[in-house]
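J.: Sequence plus predicted model, see below.
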Amino acid sequence: MHGDPMMWVAGIRALYLQALHPRAVRGVLQNSDFRRDAWGRLLRTADFVGTTTYGTTEAAERAGARVRKIHAMLKATDPETGERYGVDEPGLLLWVHCAEIDSYLHVLRRSGFPLTDAQADRYMAEHRVSARLVGLDAGTVPTDRAEMAAYFEQVRPQLAAGAEARAVDDFLLRPPAHPLLVPVREVLWRRVAHLAYASLPPYAHELYGRPAPAPATVTRRLRATGTLLRRVPARLRWQLPPKHILRAMARLGLGARPAPYKVGR
(Lines give C-alpha, C1' and ligand atoms only; values in the text may rest on other atoms or scores of the structure.)
Protein backbone atom coordinates (compact mmCIF):
# COMPACT_ATOMS: atom_id res chain seq x y z
CA MET A 1 0.00 0.00 0.00
CA HIS A 2 2.70 2.46 0.96
CA GLY A 3 4.23 2.24 -2.50
CA ASP A 4 1.03 3.63 -4.05
CA PRO A 5 1.07 7.27 -5.27
CA MET A 6 -2.31 7.99 -3.66
CA MET A 7 -0.52 7.92 -0.30
CA TRP A 8 0.23 11.61 -0.85
CA VAL A 9 -3.48 12.45 -1.08
CA ALA A 10 -4.06 10.25 1.96
CA GLY A 11 -1.34 12.08 3.88
CA ILE A 12 -3.00 15.45 3.25
CA ARG A 13 -6.34 14.02 4.38
CA ALA A 14 -4.63 12.88 7.57
CA LEU A 15 -3.37 16.42 8.23
CA TYR A 16 -6.88 17.83 7.80
CA LEU A 17 -8.25 15.24 10.20
CA GLN A 18 -5.47 15.57 12.78
CA ALA A 19 -5.94 19.35 12.91
CA LEU A 20 -9.48 18.90 14.27
CA HIS A 21 -8.16 17.77 17.66
CA PRO A 22 -7.42 21.09 19.45
CA ARG A 23 -4.86 19.68 21.89
CA ALA A 24 -3.01 17.75 19.20
CA VAL A 25 -2.80 20.54 16.63
CA ARG A 26 -1.85 23.03 19.34
CA GLY A 27 1.11 20.84 20.20
CA VAL A 28 2.30 21.01 16.61
CA LEU A 29 1.84 24.73 16.04
CA GLN A 30 3.32 25.79 19.38
CA ASN A 31 6.46 23.72 18.88
CA SER A 32 7.31 24.30 15.23
CA ASP A 33 7.22 27.00 12.61
CA PHE A 34 4.81 24.99 10.52
CA ARG A 35 4.49 27.53 7.73
CA ARG A 36 8.23 28.23 7.44
CA ASP A 37 9.29 24.58 7.48
CA ALA A 38 6.14 22.84 6.31
CA TRP A 39 7.78 20.94 3.47
CA GLY A 40 10.56 19.79 5.77
CA ARG A 41 8.01 18.54 8.27
CA LEU A 42 6.04 16.68 5.61
CA LEU A 43 9.22 15.07 4.27
CA ARG A 44 10.29 14.04 7.78
CA THR A 45 6.91 12.38 8.28
CA ALA A 46 7.24 10.63 4.90
CA ASP A 47 10.75 9.54 5.88
CA PHE A 48 9.47 8.02 9.13
CA VAL A 49 6.70 6.13 7.33
CA GLY A 50 9.17 4.98 4.68
CA THR A 51 11.71 3.84 7.26
CA THR A 52 9.20 1.87 9.32
CA THR A 53 7.75 0.33 6.14
CA TYR A 54 10.83 -0.43 4.05
CA GLY A 55 13.81 -0.12 6.39
CA THR A 56 15.47 -2.71 8.58
CA THR A 57 14.16 -3.49 12.05
CA GLU A 58 17.13 -1.63 13.51
CA ALA A 59 16.44 1.45 11.38
CA ALA A 60 12.77 1.43 12.39
CA GLU A 61 13.65 1.16 16.08
CA ARG A 62 16.12 4.05 15.78
CA ALA A 63 13.51 6.19 14.00
CA GLY A 64 10.98 5.44 16.74
CA ALA A 65 13.48 6.29 19.47
CA ARG A 66 14.18 9.66 17.83
CA VAL A 67 10.47 10.47 17.67
CA ARG A 68 9.93 9.49 21.31
CA LYS A 69 12.92 11.54 22.46
CA ILE A 70 11.72 14.65 20.65
CA HIS A 71 8.13 14.30 21.84
CA ALA A 72 9.25 13.83 25.46
CA MET A 73 10.84 17.31 25.42
CA LEU A 74 7.88 19.20 23.96
CA LYS A 75 5.04 20.91 25.84
CA ALA A 76 2.00 22.88 24.78
CA THR A 77 -0.19 25.40 26.59
CA ASP A 78 -3.96 25.65 26.52
CA PRO A 79 -4.59 29.38 25.96
CA GLU A 80 -7.93 29.26 27.78
CA THR A 81 -6.92 27.41 30.93
CA GLY A 82 -3.17 27.91 30.99
CA GLU A 83 -2.67 24.14 31.33
CA ARG A 84 0.74 22.84 30.26
CA TYR A 85 0.78 19.35 28.85
CA GLY A 86 3.15 17.06 26.98
CA VAL A 87 2.64 16.36 23.32
CA ASP A 88 3.38 12.71 24.06
CA GLU A 89 0.16 12.19 25.99
CA PRO A 90 -1.14 8.75 24.97
CA GLY A 91 -4.48 10.18 23.91
CA LEU A 92 -2.82 12.65 21.53
CA LEU A 93 -0.46 10.06 20.08
CA LEU A 94 -3.41 7.73 19.55
CA TRP A 95 -5.39 10.43 17.72
CA VAL A 96 -2.49 11.18 15.37
CA HIS A 97 -1.94 7.47 14.72
CA CYS A 98 -5.60 6.69 14.03
CA ALA A 99 -6.08 9.73 11.78
CA GLU A 100 -3.09 8.62 9.70
CA ILE A 101 -3.96 4.95 9.38
CA ASP A 102 -7.63 5.63 8.72
CA SER A 103 -6.70 8.15 6.01
CA TYR A 104 -4.20 5.85 4.31
CA LEU A 105 -6.70 3.01 4.23
CA HIS A 106 -9.72 5.12 3.28
CA VAL A 107 -8.14 6.99 0.37
CA LEU A 108 -6.35 4.01 -1.15
CA ARG A 109 -9.35 1.69 -1.03
CA ARG A 110 -11.71 4.37 -2.28
CA SER A 111 -9.37 5.17 -5.17
CA GLY A 112 -9.30 1.58 -6.38
CA PHE A 113 -6.44 -0.11 -4.52
CA PRO A 114 -7.51 -3.78 -4.26
CA LEU A 115 -7.99 -4.69 -0.61
CA THR A 116 -10.61 -6.99 0.88
CA ASP A 117 -12.17 -6.18 4.25
CA ALA A 118 -10.04 -8.87 5.87
CA GLN A 119 -6.88 -7.37 4.36
CA ALA A 120 -7.91 -3.91 5.54
CA ASP A 121 -8.26 -5.28 9.07
CA ARG A 122 -4.85 -6.92 8.77
CA TYR A 123 -3.34 -3.61 7.68
CA MET A 124 -4.66 -1.92 10.81
CA ALA A 125 -3.44 -4.74 13.03
CA GLU A 126 0.05 -4.57 11.50
CA HIS A 127 0.26 -0.89 12.43
CA ARG A 128 0.32 -1.72 16.11
CA VAL A 129 4.06 -1.94 15.49
CA SER A 130 4.33 1.65 14.24
CA ALA A 131 2.12 2.74 17.14
CA ARG A 132 4.53 1.13 19.59
CA LEU A 133 7.47 2.85 17.91
CA VAL A 134 6.04 6.32 18.64
CA GLY A 135 5.38 5.43 22.29
CA LEU A 136 1.89 3.93 22.41
CA ASP A 137 0.85 0.78 24.22
CA ALA A 138 -0.03 -1.48 21.29
CA GLY A 139 -2.87 -2.96 23.31
CA THR A 140 -4.72 0.38 23.25
CA VAL A 141 -4.62 0.75 19.45
CA PRO A 142 -7.57 -0.25 17.19
CA THR A 143 -6.79 -3.50 15.42
CA ASP A 144 -9.59 -3.60 12.84
CA ARG A 145 -12.15 -1.40 11.09
CA ALA A 146 -14.83 -1.96 13.73
CA GLU A 147 -12.54 -0.87 16.56
CA MET A 148 -11.37 2.13 14.53
CA ALA A 149 -14.96 3.21 13.88
CA ALA A 150 -15.75 2.89 17.58
CA TYR A 151 -12.69 4.98 18.43
CA PHE A 152 -13.72 7.84 16.12
CA GLU A 153 -17.24 7.76 17.51
CA GLN A 154 -15.83 8.05 21.02
CA VAL A 155 -13.44 10.92 20.24
CA ARG A 156 -15.78 13.04 18.10
CA PRO A 157 -17.07 15.22 21.01
CA GLN A 158 -13.48 16.41 21.55
CA LEU A 159 -13.06 17.67 17.98
CA ALA A 160 -13.41 21.28 16.86
CA ALA A 161 -12.18 23.55 14.10
CA GLY A 162 -10.47 26.23 16.17
CA ALA A 163 -7.95 28.87 15.13
CA GLU A 164 -5.16 26.30 14.86
CA ALA A 165 -7.22 24.06 12.57
CA ARG A 166 -8.06 27.09 10.42
CA ALA A 167 -4.35 27.84 10.15
CA VAL A 168 -3.66 24.31 8.91
CA ASP A 169 -6.57 24.54 6.47
CA ASP A 170 -5.25 27.84 5.12
CA PHE A 171 -1.77 26.42 4.75
CA LEU A 172 -2.94 23.31 2.92
CA LEU A 173 -4.86 25.43 0.43
CA ARG A 174 -2.08 28.02 -0.02
CA PRO A 175 1.30 26.60 1.02
CA PRO A 176 4.34 28.88 0.62
CA ALA A 177 5.81 28.65 -2.86
CA HIS A 178 8.40 30.39 -4.99
CA PRO A 179 6.72 33.08 -7.12
CA LEU A 180 7.47 31.09 -10.27
CA LEU A 181 5.73 28.05 -8.78
CA VAL A 182 2.55 29.82 -7.70
CA PRO A 183 0.71 28.90 -10.95
CA VAL A 184 1.64 25.23 -10.39
CA ARG A 185 0.34 25.48 -6.85
CA GLU A 186 -2.93 26.91 -8.04
CA VAL A 187 -3.42 24.37 -10.84
CA LEU A 188 -2.15 21.16 -9.26
CA TRP A 189 -1.72 21.45 -5.50
CA ARG A 190 -5.09 23.04 -4.79
CA ARG A 191 -6.82 20.26 -6.71
CA VAL A 192 -5.05 17.64 -4.61
CA ALA A 193 -5.83 19.51 -1.39
CA HIS A 194 -9.49 19.90 -2.36
CA LEU A 195 -9.69 16.19 -3.16
CA ALA A 196 -8.11 15.25 0.17
CA TYR A 197 -10.53 17.55 1.98
CA ALA A 198 -13.51 16.15 0.06
CA SER A 199 -12.59 12.62 1.17
CA LEU A 200 -12.95 13.53 4.86
CA PRO A 201 -15.97 12.20 6.79
CA PRO A 202 -19.08 14.44 6.78
CA TYR A 203 -18.59 15.55 10.40
CA ALA A 204 -15.20 16.99 9.44
CA HIS A 205 -16.79 19.05 6.66
CA GLU A 206 -19.33 20.33 9.17
CA LEU A 207 -16.62 21.34 11.63
CA TYR A 208 -14.55 23.13 9.01
CA GLY A 209 -17.68 24.77 7.63
CA ARG A 210 -16.83 24.11 4.00
CA PRO A 211 -19.04 21.85 1.89
CA ALA A 212 -17.79 18.96 -0.20
CA PRO A 213 -19.14 17.29 -3.35
CA ALA A 214 -21.50 14.35 -3.06
CA PRO A 215 -19.78 11.13 -1.93
CA ALA A 216 -20.28 9.45 -5.31
CA THR A 217 -18.59 12.39 -7.04
CA VAL A 218 -15.66 12.26 -4.61
CA THR A 219 -15.25 8.53 -5.21
CA ARG A 220 -15.18 9.04 -8.98
CA ARG A 221 -12.54 11.76 -8.62
CA LEU A 222 -10.43 9.61 -6.31
CA ARG A 223 -10.58 6.72 -8.75
CA ALA A 224 -9.74 8.95 -11.71
CA THR A 225 -6.80 10.49 -9.84
CA GLY A 226 -5.58 7.07 -8.73
CA THR A 227 -5.80 5.71 -12.27
CA LEU A 228 -3.83 8.68 -13.61
CA LEU A 229 -1.09 8.62 -10.96
CA ARG A 230 -0.64 4.86 -11.20
CA ARG A 231 0.21 5.26 -14.88
CA VAL A 232 3.35 7.16 -13.91
CA PRO A 233 6.15 4.55 -14.03
CA ALA A 234 6.85 3.31 -10.53
CA ARG A 235 10.61 3.47 -11.01
CA LEU A 236 10.28 7.17 -11.83
CA ARG A 237 8.16 7.85 -8.74
CA TRP A 238 10.52 5.91 -6.49
CA GLN A 239 13.45 8.11 -7.54
CA LEU A 240 11.99 10.91 -5.45
CA PRO A 241 13.59 11.37 -2.00
CA PRO A 242 14.07 9.55 0.28
CA LYS A 243 14.12 6.49 -2.05
CA HIS A 244 13.19 3.95 0.62
CA ILE A 245 11.66 1.52 -1.86
CA LEU A 246 14.71 1.43 -4.11
CA ARG A 247 16.98 0.85 -1.13
CA ALA A 248 14.75 -1.97 0.14
CA MET A 249 14.78 -3.63 -3.28
CA ALA A 250 18.57 -3.34 -3.42
CA ARG A 251 18.78 -5.00 0.00
CA LEU A 252 16.12 -7.68 -0.44
CA GLY A 253 16.14 -8.31 -4.19
CA LEU A 254 13.73 -7.50 -7.00
CA GLY A 255 11.16 -9.86 -5.49
CA ALA A 256 10.53 -7.22 -2.85
CA ARG A 257 9.20 -4.80 -5.47
CA PRO A 258 5.84 -3.40 -4.25
CA ALA A 259 2.94 -4.16 -6.57
CA PRO A 260 -0.83 -4.18 -5.99
CA TYR A 261 -1.27 -7.56 -7.69
CA LYS A 262 0.70 -9.19 -4.88
CA VAL A 263 -2.12 -8.37 -2.45
CA GLY A 264 -4.26 -11.09 -3.99
CA ARG A 265 -1.70 -13.84 -3.56
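T.: Received it, and whenever you're ready, just let me know what you need.

J.: Mean pLDDT per helix and strand in the protein: which one sits at the bottom?
T.: Lowest by mean pLDDT, DSSP states H and E among the helices and strands of the chain is helix 182-184, with a mean of 78.

J.: Please enumerate residues in contact with the next helix or strand after that helix?
T.: Per DSSP states H and E, the first helix or strand lying C-terminal to helix 182-184 is helix 190-198. Helix 190-198 is contacted from outside by 8-10, 12-13, 16, 107, 172-173, 205, 208, 210, 212-213, 218, 221-222, 225, using Cβ atoms under 8 Å, 6 or more residues apart in numbering. The way it works is simple: take the backbone N, C-alpha and C, and place the C-beta from them, glycine included.

J.: Out of those residues, which end up buried?
T.: Neighbour counting by 16 or more other Cβ atoms under 10 Å classes 8-10, 12-13, 16, 107, 172, 208, 212, 218, 221-222, 225 among the contacts of helix 190-198 as buried.

J.: Any stretches of the chain with poor pLDDT?
T.: In the prediction, the chain carries residues with pLDDT under 70 at positions 34-39.

J.: sorry, back to before: just the ones of the contacts of helix 190-198 in strands?
T.: Members of the contacts of helix 190-198 lying in strands (criterion: DSSP state E): none.

J.: Just to be sure, Ala76 is in a strand?
T.: Yes - checked against DSSP: H, G, I helix; E, B strand; the rest coil, Ala76 lies within a strand.

J.: Was I right to think it contacts Arg84?
T.: Yes - between Ala76 and Arg84 a contact is recorded at 7.4 Å, counting by Cβ atoms under 8 Å.

J.: Of those two, which one has the most company?
T.: The neighbour comparison of Ala76 against Arg84 (other Cβ atoms under 10 Å) goes to Ala76, with 21 against 9.

J.: give me every residue that touches that one.
T.: Contacts of Ala76 (Cβ under 8 Å, 6+ apart): 23, 26-27, 30-31, 84-87.

J.: Apply 7 Å and report the result again.
T.: Shown in contact with Ala76 (Cβ atoms under 7 Å, 6 or more residues apart in numbering): 26-27, 30-31, 85, 87.

J.: Would you state the strands of this structure in chain order?
T.: Listed in chain order, the strands found in the chain under DSSP E are 75-77, 84-86.

J.: Neighbouring strands of the last one in the sheet, and parallel or not?
T.: Strands adjacent to strand 84-86 in the sheet, as given by DSSP bridges, are strand 75-77 (antiparallel).

J.: give the contact list for Pro242.
T.: Counting by Cβ under 7 Å, 6+ apart, Pro242 makes contact with 47, 50.

J.: Let me fix that, I meant to ask about Asp121.
T.: By Cβ under 7 Å, 6+ apart, the contact set of Asp121 is 144-145.

J.: can you rerun that using 8 Å?
T.: Contacts of Asp121 by Cβ under 8 Å, 6+ apart are 143-145.

J.: Next: Met1.
T.: Counting by Cβ under 8 Å, 6+ apart, Met1 touches 7, 104-105, 108, 113, 115, 123.

J.: Report the two of those residues separated the most.
T.: Distance extremes for those: the farthest pair is Met7 and Leu115 at 13.6 Å, using Cβ to Cβ.

J.: of those two, who's got more company?
T.: Just comparing Met7 and Leu115: by other Cβ under 10 Å the higher neighbour count belongs to Met7, 21 against 17.

J.: How about that one: what's its closest non-neighbour residue?
T.: Among residues not flanking Met7 along the chain, Tyr104 sits closest, at 6.5 Å (Cβ to Cβ, 6 or more residues apart in numbering).

J.: how about that neighbour, what does it touch?
T.: 1-2, 7, 10-11, 14.
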